[in-house]
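K.L.:
Let's see this in three dimensions:
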Amino acid sequence: MKKLLAVVVTACALNVYAAEVKEVCHDRVDKAGKPVMDKNGKPKQDCKKIKIHKKLEGTEVPVKK
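P.N.:
Numbers count the residues shown, from 1 in each chain. All right, here's what the predicted structure looks like:
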């Protein structure tokens, strides 16, 4: 049981550091296409957290003769 718990904890720890997290926000719009304003007069925003993965550089595969 302890081994299973150790494997699960390790897998979660590796998953957290696999990608960088970035928050992306877009203005909310109504059906007419106009931005929805809050009570302060600023446009409301829909924000989501997304993961950004680093692209790895590789070497070309040699062509078979």
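K.L.:
Every contact and neighbour count from this point should use C-alpha atoms.
P.N.:
Will do.
K.L.:
Give me the secondary structure label for Lys3.
P.N.:
Following DSSP: H, G, I helix; E, B strand; the rest coil, the label given to Lys3 is helix.
K.L.:
in this structure, which spans are helices?
P.N.:
Assigned by DSSP state H, the chain shows helices spanning 2-16.
K.L.:
For it, just list every one of the strands.
P.N.:
For the chain, the strands defined by DSSP state E cover 20-27, 45-52.
K.L.:
Minimum distance to Lys34: which of those strands has it?
P.N.:
Closest approach to Lys34 among the strands of the chain (C-alpha to C-alpha): strand 20-27, 9.7 Å.
K.L.:
Mind listing residues that contact that closest one?
P.N.:
35-36, 43-53 (C-alpha atoms under 8 Å, 6 or more residues apart in numbering).
K.L.:
can I get those in TSV with distance to Glu20?
P.N.:
Putting the contacts of strand 20-27 into TSV (distance: C-alpha to C-alpha, whole Å) gives the following:
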residue	distance to Glu20
Pro35	30
Val36	30
Pro43	27
Lys44	26
Gln45	22
Asp46	20
Cys47	16
Lys48	14
Lys49	10
Ile50	8
Lys51	6
Ile52	5
His53	7
